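Engineer: can you look at this prediction? I've put the sequence above it.
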Amino acid sequence: MSPKWFYDALGSKLFDAICDLPEYYPTRTEMKLFADHAPEMARRAGTGRVLIELGSGNGEKVRRLMAHLRPRAYVGVDISKEVLHSATAKLKDEYPQLSVYAVCSDFSSGFRAPAELPAAARLYFYPGSSIGNFTPEQAVALLKPLARPGDALLIGVDLIKDRQTLESAYDDALGVTAAFNLNLLARMNRELRADFDLSRFRHVARFDEGLSRIEMHLESTTEQSVCLDERKFSFAAGERLHTESSYKYSVEGFAALAARAGWTLAQRWTDERRRFAELLFEA
Ligand code: AVI
């Protein structure tokens with residue numbers, strides 16, 4: 001499924017809760033990279049640019065860099081309208097001099113910049129390793145149109161690591177990730193008049209080493225059928241819906257992917273356990 005379907009108002013809140021879980025290391029690790037290296041990141045990326053944040057969410061990450069980057073303008077791009085508008089309003093309060101734009105869109109099918117945007121060099125900021133929710137081919141297709149000479153990209157990438165760490169990050173003891181996954185069925189019930197019985201599906205998260213990705217599935221625990229609009233779908237016990245993939249890369253592997261999209265690796269920052277990387281590319 002396209003990752004965008006996870007992020008209705010409730011799904012966005014559940015994702016924020018995931019980011020606070022002890023098992024979900026990516027957010028904390030990336031925040032620590034910003035805390036340790038923000039001034040250097042800004043120096044390398046360049047100040048005075050038009051800063052465009054893809055999947056801006058609650059705006060917590062860009063806030064760590066803002067004072068150092070001192071952008072000419074900021075554009076938050078997100079699929080979730082409520083979250084986008086509250087985050088950009090908060091940013092505007094904190095930086096009254098800054099031109100702030102909110103673009104509510106699914107940038108996976110192409111990003112259209114606001115017409116009145118200053119013609120300065122752009123810095124695309126794509127934190128959180130959300131690029132991992134696209135297949136490598138989709139990731140190339142997404143990054144390629146952004147690669148205009150003079151522009152830069154600062155992107156968070158989750159690195160390949162041991163199975164245990166990965167699988168518990170996507171199957172936490174509290175069951176928040178399970179709720180995030182099951183919310184897709186609840187959302188289909190709410191918005192598509194489906195009648196999924198959530199108690200008859202269970203959350204599954206497995207690392208596929210060959211494909212270098214975590215897969216999330218919803219597994220039918222019994223034989224059952226579900227109505228969606230006028231259509232009936234049958235599930236065998238144990239049959240699964242593949243709902244999300246989260247690709248994990250090496251720095252070199254991701255640099256090779258980005259090169260196919262016209263981006264050259266300029267600088268890397270990783271934590272000492274090499275769990276997560278923040279990578280700066282030039283077009
Ligand atoms: C948004 N994205 C990077 C998250 C990830 O880690 O793939 C989505 C997520 N799915 C389950 N937990 C978090």
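Structural biologist: Received the coordinates, thanks.
Engineer: every contact and neighbour count from this point should use C-alpha atoms.
Structural biologist: OK.
Engineer: ok, and the closest non-adjacent residue to residue 25?
Structural biologist: residue 169 (6.9 Å; C-alpha to C-alpha, 6 or more residues apart in numbering).
Engineer: that should have said residue 258, apologies.
Structural biologist: Nearest residue to residue 258, sequence neighbours excluded (C-alpha to C-alpha, 6+ apart): residue 140, at 6.6 Å.
Engineer: check contacts around the one you found.
Structural biologist: Residue 140 sits next to 257-258, 260-261 when contact means C-alpha atoms under 8 Å, 6 or more residues apart in numbering.
Engineer: for those, which one is nearest residue 150?
Structural biologist: residue 261 (14.8 Å; C-alpha to C-alpha).
Engineer: what pLDDT does the model give the closest one?
Structural biologist: Model confidence at residue 261, expressed as pLDDT, equals 98.
Engineer: grab the nearest non-local neighbour of it.
Structural biologist: Closest to residue 261 by C-alpha to C-alpha, 6+ apart is residue 144, at 4.2 Å.
Engineer: all the strands of this protein, residue numbers only.
Structural biologist: 50-54, 73-78, 99-104, 122-126, 152-158, 201-208, 213-220, 224-228, 231-235, 240-247, 264-270, 276-282 (DSSP state E).
Engineer: circling back: and the gap between the residue nearest to residue 261 and residue 127?
Structural biologist: The gap separating residue 144 from residue 127 is 17 Å, by C-alpha to C-alpha, to the nearest Å.
Engineer: before we move on, what about residue 246?
Structural biologist: With C-alpha to C-alpha as the criterion, residue 246 and residue 127 are 14 Å apart.
Engineer: equivalent analysis for residue 136, please.
Structural biologist: 17 Å.
Engineer: of these two, who's got more company?
Structural biologist: residue 127 (23 against 15; other C-alpha atoms under 10 Å).
Engineer: now that one. Its backbone dihedrals?
Structural biologist: Main-chain dihedrals, residue 127, degrees, to the nearest 10: phi -80, psi -180.
Engineer: wait, it touches residue 156, no?
Structural biologist: Yes. Using C-alpha atoms under 8 Å, residue 127 is in contact with residue 156, at 4.4 Å.
Engineer: enumerate the residues of the stretch 101-250 of the chain near the ligand.
Structural biologist: 128-130, 133, 170, 177, 246 (C-alpha under 6 Å from any ligand atom).
Engineer: let's see 5 Å
Structural biologist: The stretch 101-250 of the chain comes close to the ligand at residues 129-130, 246, as judged by C-alpha under 5 Å from any ligand atom.
Engineer: what's near enough to touch the residue in the chain positioned nearest to the ligand?
Structural biologist: Nearest residue of the chain to the ligand: residue 130, at 3.6 Å (C-alpha to the nearest ligand atom). Neighbouring residues of residue 130 by C-alpha under 8 Å, 6+ apart: 55, 156-157.
Engineer: how close does the residue lying closest to residue 65 once chain neighbours are set aside sit to residue 194?
Structural biologist: What sits nearest to residue 65 in space, not counting adjacent residues and going by C-alpha to C-alpha, 6+ apart, is residue 38, at 5.8 Å. Applying C-alpha to C-alpha, the value for residue 38 to residue 194 is 46 Å.
Engineer: burial measure for the residue nearest to residue 220 when sequence neighbours are not counted, as a count.
Structural biologist: Setting aside the residues directly before and after it, residue 220 is nearest to residue 201 in space (C-alpha to C-alpha, 6+ apart), at 4.5 Å. Residue 201 has 21 neighbours, counted by other C-alpha under 10 Å.
Engineer: which residues touch residue 201?
Structural biologist: 182, 218-221.
Engineer: wait, residue 70 touches residue 46, no?
Structural biologist: No. With contact defined as C-alpha under 8 Å, residue 70 and residue 46 do not form a contacting pair (9.0 Å).
Engineer: circling back to that earlier point, joint contacts of residue 127 and residue 156?
Structural biologist: With C-alpha under 8 Å, 6+ apart as the test, residue 127 and residue 156 both reach residue 278.
Engineer: hmm, back to that, tabulate the contacts of residue 140 (JSON lines), appending distance to residue 230 and neighbour count.
Structural biologist: Shown next, in JSON lines, are the contacts of residue 140 (distance: C-alpha to C-alpha, whole Å; neighbours: other C-alpha atoms under 10 Å):
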{"residue": "257", "distance to residue 230": "42", "neighbour count": "18"}
{"residue": "258", "distance to residue 230": "43", "neighbour count": "21"}
{"residue": "260", "distance to residue 230": "43", "neighbour count": "16"}
{"residue": "261", "distance to residue 230": "42", "neighbour count": "20"}
